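J.: For reference, the sequence and a predicted model appear below.
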Amino acid sequence: MSQSTSRLEVMNELGKNMDEYMKEYLNPIDSNWQPSDMLPDSTKENFLQEVKLLQESAKELPYDYWAVLVGDTITEEALPTYESWLLGMDTVNQLDQENGWVKWIRSWTAEENRHGKLLGTYLYLSGKVDMRAVAISTQYLIADGFDIGTSADPYRNFVYTSFQEQATNISHRRTATLAKQFGNSNLSKMCAQIAADELRHARAYRKFVTEIFKLDPSEMMLAFADMMKKKIVMPAHFLREINGQKSSLFEHFSDAAQRIGVYTTMDYVTIMQGLIKDWEIEKIGGLNDAAEKARDYVANLPARLERLADRVKVPELAYPFTWIA
């Protein structure tokens, strides 16, 4: 049995349960929250007053917080890239348009789409952000695309999404906590709602990997180890600003996130430890020799990364982002 055939059979098998997965991990559209639920209502007479209150509360947020919030927003707005990337996976692109995986990707995209709309509108109303600069960065991020090391392999893609969705949950959850500490309860609610979505999505992709380990343990283990060797590259890694030059912008964004504790190098280690635990890596049987070596690599990696994380020095000086007015 060829590798591609094996993956197609595994994906077809998992796809049989897609209705159940969608019911568990995605919310019904008609009853789901929408961005307008948490933003000033432009049809109301007190709209301008509500906007003024929003702007007043926004003044209390520090510079690094704005840098992180804008970077998070741009990443969420680049959703067309993520949908096309998932629809282009081997096995998915071999299936008909009514297949369960196609339905999942479309429905996941539809749920994720609300995040950028909510945060983008908040940024616009806040009066603290250069929205043209933000739009240019967003357009670059979508136009550039990205190479996250997964190729078109669904196994590697699901390792990536399991990790990345958990990382975005952490980031949005902590921006929610910080917003509340700075007295901005409405923004806190927005970020918390997005974080809740990301947590459900992370659980979904972790579930997919759990099931793949049961059906194709050696190939799944090799894919997990390969992604860890390459390191998980966040979508924000490909950010660039209004000058159009590809630069070290992600490093500045990452430094801001670390300074305010939104997402740190230790979080990377913690997420990996969580995946190893959730997938019960130590207990998986039926592995070939190569997969056994891959398991050893994965099991020992968190301790190595933790030692490296302890040495990370975060610059104190803030970078002058073009996004922030």
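T.: Done, it's in. Numbers count the residues shown, from 1 in each chain.
J.: Could you give the number of residues near Leu26?
T.: Residues near Leu26, counting by other Cβ atoms under 10 Å, number 18. Where C-beta positions appear, they are placed from N, C-alpha and C, glycine not excepted.
J.: go on, the one 4 residues further on?
T.: Using other Cβ under 10 Å, Asp30 has 5 other residues around it.
J.: swap in Phe146?
T.: So Phe146, with other Cβ under 10 Å, has 16 neighbours.
J.: now it: how far from Leu69?
T.: Distance, Phe146 to Leu69, using Cβ to Cβ, to the nearest Å: 21 Å.
J.: How about the contacts made by Gln166?
T.: For Gln166, the contacting residues are 198-199, 202, 271, 274-275, by Cβ atoms under 8 Å, 6 or more residues apart in numbering.
J.: Most neighbours among the residues you listed, please name it.
T.: Neighbour max across the contacts of Gln166 (other Cβ under 10 Å) = Ala202, 25 neighbours.
J.: Can you give me the neighbour number for the nearest residue to Met190 once chain neighbours are set aside?
T.: Counting by Cβ to Cβ, 6 or more residues apart in numbering, Met190 lies nearest to Met38, which is 5.1 Å off, once chain neighbours are set aside. Neighbourhood size, Met38 [other Cβ under 10 Å]: 15.
J.: Does Met38 touch Ser185 like I think?
T.: No. Applying Cβ atoms under 8 Å as the test, Met38 and Ser185 come out as separate, 10.6 Å apart.
J.: and the gap between the residue nearest to Met190 and Tyr65?
T.: Met38 is 18 Å from Tyr65, by Cβ to Cβ.
J.: Just the buried residues of the helix or strand of the chain with the lowest mean pLDDT, please?
T.: Lowest on mean pLDDT, DSSP states H and E among the helices and strands of the chain sits helix 3-15, with a mean of 81. Neighbour counts over helix 3-15 (16 or more other Cβ atoms under 10 Å) mark 7-8, 10-11, 14-15 as buried.
J.: quick one, phi/psi of the residue nearest to Met190?
T.: Dihedral pair for Met38: phi -120, psi 10, per degrees, to the nearest 10.
J.: so who does it touch?
T.: Counted by Cβ under 8 Å, 6+ apart, Met38 has contacts 118, 186, 189-190, 193.
J.: try 7 Å this time
T.: Met38 sits next to 118, 186, 189-190 when contact means Cβ atoms under 7 Å, 6 or more residues apart in numbering.
J.: Next, format these as a markdown table and append pLDDT.
T.: Below are the contacts of Met38 laid out as a markdown table (pLDDT from 0 to 100):
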| residue | pLDDT |
| --- | --- |
| Leu118 | 98 |
| Asn186 | 96 |
| Lys189 | 98 |
| Met190 | 98 |
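J.: Of the residues you listed, which is the most crowded?
T.: Neighbour max across the contacts of Met38 (other Cβ under 10 Å) = Met190, 26 neighbours.
J.: Could you say which helix or strand holds that residue?
T.: Met190 belongs to helix 185-215 when assigned by DSSP states H and E.
J.: Name the residues that touch the next helix or strand after that helix?
T.: Using DSSP H and E, the helix or strand that directly follows helix 185-215 along the chain is helix 217-230. Contact with helix 217-230 is made by 3, 6, 149, 153, 155-156, 159-160, 209, 212-213, 272, 284, 286-288, 290-291, 294-295, 297-298, 301, as judged by Cβ under 7 Å, 6+ apart.
J.: Which of these fall within strands?
T.: Using DSSP state E, no member of these sits in strands.
J.: State the distance from Gly88 to Asn157.
T.: In terms of Cβ to Cβ, Gly88 sits 10 Å off from Asn157.
J.: Who has more neighbours out of these two?
T.: Asn157 (23 against 12).
J.: so who does the nearest residue to the more buried one once chain neighbours are set aside touch?
T.: Nearest residue to Asn157, sequence neighbours excluded (Cβ to Cβ, 6+ apart): Thr150, at 4.7 Å. Thr150 sits next to 156-157, 160 when contact means Cβ under 7 Å, 6+ apart.
J.: what's the neighbour count on Ala259?
T.: Quick fix: residue 259 reads Arg, not Ala. Neighbours around Arg259, by other Cβ under 10 Å: 20.
J.: how much space is there between it and Lys231?
T.: 22 Å.
J.: swap in Leu178?
T.: 27 Å.
J.: Ok, Ala202 next?
T.: 18 Å.
J.: just for this structure, where's the confidence low?
T.: The model of the chain has pLDDT under 70 over residues 1-5, 94-98, 244, 246-247.
J.: so how far is Glu112 from Leu14?
T.: For Leu14 relative to Glu112 (Cβ to Cβ), the value is 20 Å.
J.: And for Gln49?
T.: On the measure of Cβ to Cβ, Gln49 and Glu112 end up 32 Å apart.
J.: Please identify which of the two sits among more neighbours.
T.: Neighbour count, other Cβ under 10 Å: between Gln49 and Glu112, Glu112 has more, with 19 against 11.
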